[in-house]
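Trainee: here is the input, now give the coordinates:
(one chain, ligands or ions: 1)
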Amino acid sequence: MKYDKGNLLTVEITDIGNDGEGIGKIDGYTLFIKDAVIGDVVSAKIMKAKKNYAYAHLEEVITPSVDRVEAKCPVARACGGCQTQNMSYEKELEFKQRKVRNNIVRLGGFDESFVDSIMEPIIGMDEPWRYRNKAQFPIGKDKNGRIIAGFYAGRTHSIIPVTDCLIGTAENKDILSVIISHMEKNNIEPYDETSGKGLMRHVLIRKGFTSGQIMVCLVLNYKGISKNKKFAGINADGENTAIEYISGQKELVTRLSQIKGMTSISVSINTDKTNVIMGTEIHTIWGNDTISDTLCGLEFDISPLSFYQVNPVQCEKLYGQAIEYAGLTGEETVWDLYCGIGTITLSMAKKAGHVYGVEIIPDAIEDAKKNALRNGLTNADFFCGKAEEVLPDFYANGRLEEKDKHALQSEYNISESALHPDVIVVDPPRKGCDQACLDTMLKMSPDRIVYVSCDSATLARDLRILADGGYELKAIRPCDMFGHTVHVETVVLLTK
Ligand code: SAH
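Mentor: All right, here's what the predicted structure looks like:
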């Protein structure tokens, strides 16, 4: 049969899927071909065939598309991190604009011409390389037993060695090289997912682009006893007081600390057999517990466990758009749900009456409170908990439970106006908002809802719920925070 596994076919690529794969058709039979670009004529080998469609492997580009470019990164195809390096950046932006639009139309059930009439053009990047301020490298071994750091290949956990990722910072390479050579010298084993043995799981590296400060956090499968509280690795006499989590720790720390910008070195203990990268227990072994950075004219402290936008340059543009949609005049009461370390909350606090932030990670809320103080903002309060619990609790009782209270002021009374705020901003993770959260938002009936989303499929689903609850879509604007990948951020304004 023509479409059996292993067969080679020649096909022209005419469309692109949501994951960036090229789509071509032969007599109504659809082929999904990763790394093929619209306009290419390719030869592809069938890998997995179904009745009406198949997944095929790109064997050769016979006639390249005018939009095809050579991938800058030598491992772009194998690595699961990037998906669209072989497409011109201009085309990538067009693809993202269309992806958001199509999801809102198809999954949200909104009228096509209506969506087109309110959609604004995607905010692209001026420089789509070296834009990520954070990377989490898994550590493992190659088939010759050599220690490697890199990224997972798409859909698997085999590590593609790459220490100089071109969308990451230039320092990553030097930091990883110090760590790997230290591991080799001291016989430190990388973690093995199958056996659960080995010490070094991941290396988290984060850099404040404005401050230049760098944080390294080593994620360890450390089974020894560790102190259950944060402690400084260096005491007042300059001695290293930390437990030795890694053999030759002092030497490793010394070498890492010599890298320009190094500010914080910590370990995160994760002994669970899990895909979750970070363990919740963090110990600083050198320098500060946090790094700081400036975003939207505000200074932020960032802990290893806190979420911080990975693309600060685009983030300022995104927040700028969110603030514009929020229509702040200085008087408004605003809720910022899924607030992280308070970046949106505090940017809005500068322009609103009072802002309330809600976030699930305690460390992030601690950072948020410090960030408010540090920036002299007293009109922002933060609550730790799930948005879908904190908000309904608050709405039902007109106050917050004692356990939810993480107020800045010691004598704290939540104002009546918070029950019916002017604006609610949400910025949930990929799975979108919980139904209980959306229901309460509708009951609180703010004048405006600003929805910031990193997944346009769940965004579309939630917009439908809000629209059925009486809100009207006013504007949609995608923003590219993740160049060379298929991910795209979107900000949407809804009004009552
Ligand atoms: N607005 C912030 C963070 C956005 S990322 C910023 O732009 O920096 C999404 C955040 O939601 C993360 O900080 C995550 O910890 C938090 N989160 C995830 N599930 C949550 C929930 N159910 N309730 C509240 N916060 C949640």
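Trainee: how many neighbours does residue 425 have?
Mentor: 28 (other Cβ atoms under 10 Å). For the C-beta atoms, the positions are set from N, CA and C on the backbone; glycine is no exception.
Trainee: contacts only, for the spatially closest residue to residue 97 that is not a sequence neighbour.
Mentor: Using Cβ to Cβ, 6 or more residues apart in numbering and skipping the chain neighbours, the partner closest in space to residue 97 is residue 122 (4.6 Å). With contact taken as Cβ atoms under 8 Å, 6 or more residues apart in numbering, residue 122 is in contact with 93, 96, 97, 100, 477, 478, 479, 480, 488.
Trainee: which ChimeraX command selects the buried ones in those?
Mentor: Buried residues among these (16 or more other Cβ atoms under 10 Å), as a ChimeraX selection:
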select :93,96,97,100,477,478,479,480,488
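Trainee: isn't there a helix covering residue 104?
Mentor: Yes - counting by DSSP: H, G, I helix; E, B strand; the rest coil, residue 104 is part of a helix.
Trainee: got the contact list for it?
Mentor: Contacts of residue 104 (Cβ under 8 Å, 6+ apart): 110, 115, 456, 459, 460, 463, 476.
Trainee: how about a cut-off of 7 Å?
Mentor: With contact taken as Cβ atoms under 7 Å, 6 or more residues apart in numbering, residue 104 is in contact with 110, 115, 456, 460, 463, 476.
Trainee: repeat that for residue 434.
Mentor: Contact partners of residue 434, counting by Cβ under 7 Å, 6+ apart, are residue 388.
Trainee: gap between it and residue 462?
Mentor: Shown here: residue 434 relative to residue 462, a distance of 10 Å by Cβ to Cβ, to the nearest Å.
Trainee: same check on residue 208?
Mentor: 32 Å.
Trainee: and what of residue 265?
Mentor: 39 Å.
Trainee: for residue 433, what are phi and psi?
Mentor: When read as degrees, to the nearest 10, the backbone of residue 433 gives phi -90, psi 150.
Trainee: and it, what pLDDT?
Mentor: You'll see residue 433 listed with a pLDDT of 98.
Trainee: how about it, what does it touch?
Mentor: With Cβ under 7 Å, 6+ apart, residue 433 has these contacts: 426, 462.
Trainee: check the gap between it and residue 444 for me.
Mentor: 13 Å.
Trainee: residue 39 now?
Mentor: 48 Å.
Trainee: ok, for residue 421, nearest residue in space, not its chain neighbours?
Mentor: residue 333 (4.3 Å).
Trainee: lowest confidence element among the helices and strands of the protein?
Mentor: strand 405-406 (a mean of 48; mean pLDDT, DSSP states H and E).
Trainee: that one: what's the following helix or strand?
Mentor: Next along the chain after strand 405-406, taking DSSP states H and E as the criterion, comes strand 423-426.
Trainee: strand partners (parallel or antiparallel) of that next one?
Mentor: In the sheet, strand 423-426 lines up against strand 333-337 (parallel), strand 448-453 (parallel) (DSSP bridges).
Trainee: can you list the residues that contact that strand?
Mentor: 322, 326, 332, 334-338, 344, 433, 441, 444, 446-452.
Trainee: contact partners for the closest residue to the ligand within the chain?
Mentor: Residue of the chain nearest the ligand, by Cβ to the nearest ligand atom: residue 340 (2.9 Å). Residue 340 is in contact with 306, 307, 308, 359, 364, counting by Cβ under 7 Å, 6+ apart.
Trainee: out of these, which is most surrounded?
Mentor: That'd be residue 359 among the contacts of residue 340, by other Cβ under 10 Å, with 29 neighbours.
Trainee: leaving out sequence neighbours, find the closest residue to that one.
Mentor: residue 339 (4.7 Å).
Trainee: now residue 92
Mentor: Using Cβ to Cβ, 6+ apart, the closest residue to residue 92 is residue 84 (4.9 Å).
Trainee: number of nearby residues for the one you found?
Mentor: For residue 84, using other Cβ under 10 Å, the count is 24.
Trainee: residue 21 is in contact with that one, correct?
Mentor: No - checked against Cβ atoms under 7 Å, the pair residue 84 and residue 21 is beyond contact range at 10.0 Å.
Trainee: which bits of this structure sit near the ligand?
Mentor: 307, 309, 338-340, 343-344, 358-361, 364, 386-388, 427-429 (Cβ under 6 Å from any ligand atom).
Trainee: mind redoing it with 5 Å?
Mentor: 307, 309, 338, 340, 343-344, 359-361, 386-387, 427, 429 (Cβ under 5 Å from any ligand atom).
Trainee: mean confidence for stretch 362-380?
Mentor: Stretch 362-380 comes out at a mean pLDDT of 93.
Trainee: cool, stretch 281-289 as well?
Mentor: 93.
Trainee: so how far is that stretch from its chain's centroid?
Mentor: The chain centre lies 23 Å from the centre of stretch 281-289; the measure is Cα atoms, centre = their mean, to the nearest Å.
Trainee: now, of the contacts of strand 423-426, which are buried?
Mentor: 322, 326, 332, 334-338, 344, 433, 441, 444, 446, 448-452.
Trainee: so which of the contacts of residue 340 sit within strands?
Mentor: Judged by DSSP state E, those include residue 359 as members of strands.
Trainee: ok, the contacts of residue 340 vs residue 291, which is closest?
Mentor: Set against residue 291, the nearest of the contacts of residue 340 by Cβ to Cβ is residue 308 (9.3 Å).
Trainee: my read: the closest one touches residue 344, true?
Mentor: No - using Cβ under 7 Å, residue 308 makes no contact with residue 344, being 12.0 Å away.
Trainee: can you give me the first-to-last residue distance of stretch 18-34?
Mentor: 11 Å (Cα to Cα, to the nearest Å).
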